[in-house]
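In: Sharing a model that was predicted from the sequence below.
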Amino acid sequence: MIDPEARLRTLCHALPGQWMMEGIGFYCGLSMRWYRDAFCDLEKLEAERTGADAYALMENAAGEVPPGSNGVVAILSNLMVASRWIHASPAFVQFDVGDPARSGRKECIRAIEEAAAYVSYGHLKVIEEVTSRSCREVVFTGGASKGTLWPRVMADVLGLPVKVPKVKESTALGAAIFAGVGAGEYPDVATATSAVAGFETTLDPDPSVHARYEELYADWKRIYDGQLALVERGLLKPLWRAAGT
């Protein structure tokens, strides 16, 4: 369960006899929040006026964009390399200034979600390599799972069924489950989990879209490595770098 190349980290699990391999998608959610606050004033105003969620309005627009975001690529989080973790300078590349209708805000929104999914896909490939096992499904939690488009993008990029839980804040839910067991409300973790956790929906991947995303992932990785090289040469500042790197 230990990555010999020190890319992902192996951590103790909360349950005895189990382990967790951690791959971090760095600042993925924060990148979407930055984009909302920097470029989506119209959606924020509409949300205030109607009571809708600004992110939902953003995803509605991004849902009109085909896989690949009409060529727009977001450079954000790198794949995790625990031994020497550096991220490229953040950017949107390959937009067409002559065709703003196909290279606008909705393309950038989808590109952010695709970039996050590419990082997850890269981490999944490392886990399968290290464990010599294939993943059958993915549970998608956290703020990103509250939307409708991001879980769909994740399923199509990973090529796996994506299960979205009823309670999205899984860290808080896990803490509550263990607190319930510790307080004697439940006899064990399995019983507590069955009582308070469950899934809202499962999204199956589209095989043809996944095949396209496999090509796009390879392109994204090459573009990312090129952008990262500019950071390594000192020409650009990284999104983030680990201490000591």
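Out: Ah, there it is.
In: quick one: the residue nearest to the spatial centre of the chain from Gly143, how far?
Out: Computing the C-alpha centroid of the chain and ranking residues by C-alpha atoms, centre = their mean puts Ala116 first, at 3.7 Å. Between Ala116 and Gly143 the computed distance is 11 Å (C-beta to C-beta, to the nearest Å). Quick note: C-beta positions are derived from backbone N, CA and C, even for glycine.
In: what's the answer for Lys106, then?
Out: In terms of C-beta to C-beta, Lys106 sits 20 Å off from Gly143.
In: These two - which one has more neighbours?
Out: Lys106 (21 against 15; other C-beta atoms under 10 Å).
In: Now that one. Nearest residue, chain neighbours left out?
Out: Residue nearest to Lys106 in three dimensions, not counting chain neighbours: Ala61, with 4.0 Å by C-beta to C-beta, 6 or more residues apart in numbering.
In: next one: Arg105
Out: Phe39 (5.8 Å).
In: my read: the one you found touches Lys106, true?
Out: No - using C-beta atoms under 8 Å as the test, Phe39 is too far from Lys106 to be in contact (10.7 Å).
In: quick one on the thing from earlier: need the phi and psi values for the residue nearest to Lys106.
Out: Main-chain torsions, Ala61, degrees, to the nearest 10: phi -70, psi -40.
In: For Thr131, see how far away it is.
Out: From Ala61 to Thr131 the distance is 39 Å (C-beta to C-beta).
In: So for the two, which residue has more residues nearby?
Out: Under the criterion of other C-beta under 10 Å, the comparison of Ala61 against Thr131 puts Ala61 first, with 18 against 12.
In: about what we covered before: quick check on the residue nearest to Arg105: phi, psi?
Out: According to degrees, to the nearest 10, Phe39 has phi -130, psi -10.
In: where does the nearest residue to Asp206 once chain neighbours are set aside land in three-state SS?
Out: Nearest non-adjacent residue to Asp206, counting by C-beta to C-beta, 6+ apart: Asp156, 5.6 Å away. Following DSSP: H, G, I helix; E, B strand; the rest coil, we place Asp156 in the helix state.
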